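Chemist: the following block contains a protein sequence and its predicted model.
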Amino acid sequence: MTAPAYDAVRRAGVLRVRRPDTEWLSTGWNGGRRTADCAYNISVPEGWERTSLGPYIGDRLERAGFESTAGDVAGPALLTGVDIADARGARCGSVTAYATAGISNPAALPMEPTPTDPSESTAVEADDAGPGQGRGTVNVIVGTTRALASGALENLIAVAAEAKAATLLAETGFPGTTTDAIIVGHDPSGSSAAFSGSGTDVGAAVRACVREAVRASLSAHYATANAELPAAVDDATYGVSTTRRADVFQPMLASERSQPDS
């Protein structure tokens, strides 16, 4: 079997995904765009509560024998409570994806929420749910050998997130966890692609790869842990359910505004 275009190795609880001169976009810690040879997924121990993430990540990469420069992480990195041994990859056409998946901290989104008394709630608010919260997290790293036009790389985040949510809903009943994160990458020197939506070759391949990698990692994780997937938020070690409701409104016509637009 030939190595995928975005090759990966596991060592000391770190998954390194490598392709030279890749432009990455990350939703994780210190995210955004960055050109680097590698992206990383790092497993953290149970009870881990570090807040100084840069030095911690640099130390973990160094201990694993992966480069970091002067304490600065050489590429984007994600953190997970899932054992890196449970990581799985999938490839289709120009796309390769890697995932680690655990659902100890599910985030449910009921369509008919029942409001709860805030004084009785023990749920963690989303703003407080840091990378060490729970032993779950669904992390996905996706790379394509195509060169994506401006905006198409950002859109790939949405495509991967949609595929992750659809897969998790089918497998677990939850669209995600409180700490999910995604890294996408493309090859600026590759064959150009103007768009990356679900109807494109790149988008369709991302959807297939994310589905297969997330399902395989989820299966491996729960087989290894000899545990069952939580059936509801209350069955999970950690978790939240969005019981709030928002006010719905229709945007005004310009002619209805009392003051002219500035």
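Modeler: Nice, I can see it. None of the values given here were measured: they were computed from a predicted structure.

Chemist: low-confidence bits of the stretch 101-250 of the chain, can you list those?
Modeler: Along the stretch 101-250 of the chain, the parts satisfying pLDDT under 70 run over 115-135.

Chemist: and the helices in it?
Modeler: For the stretch 101-250 of the chain, the helices defined by DSSP state H, counting those that start in this stretch cover 152-172, 201-225.

Chemist: now mean neighbour count too, for those helices, in JSON lines please.
Modeler: Every residue, glycine included, has its C-beta placed from N, CA and C. Shown next, in JSON lines, are the helices of the stretch 101-250 of the chain (neighbours: other Cβ atoms under 10 Å):
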{"stretch": "helix 152-172", "mean neighbour count": "20"}
{"stretch": "helix 201-225", "mean neighbour count": "21"}
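
Chemist: can you count the residues close to A39?
Modeler: For A39, the count of nearby residues is 30 (other Cβ atoms under 10 Å).

Chemist: dump the helices of the stretch 101-250 of the chain to TSV, plus distance to R88.
Modeler: Listed next are the helices of the stretch 101-250 of the chain as TSV, based on distance: least, Cβ to Cβ, whole Å:
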stretch	distance to R88
helix 152-172	12
helix 201-225	4
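
Chemist: and those helices: which comes nearest D86?
Modeler: D86 lies closest, by Cβ to Cβ, to one member of these: helix 201-225, at 4.2 Å.

Chemist: so which elements touch the closest one?
Modeler: With contacts defined as 3 or more Cβ pairs under 8 Å, 6 or more residues apart in numbering; DSSP states H and E, helix 201-225 has these neighbours: strand 88-92, strand 95-102, strand 137-144, helix 152-172.

Chemist: other residues contacting the longest one?
Modeler: It stands for helix 152-172. With contacts defined as Cβ atoms under 8 Å, 6 or more residues apart in numbering, helix 152-172 is touched by 23, 25, 27, 33, 97, 99, 101, 103, 106, 138, 140, 142, 144, 148, 174-176, 180, 182, 184, 186, 193-198, 202-203, 206-207, 210-211, 214-215, 218, 229-230.
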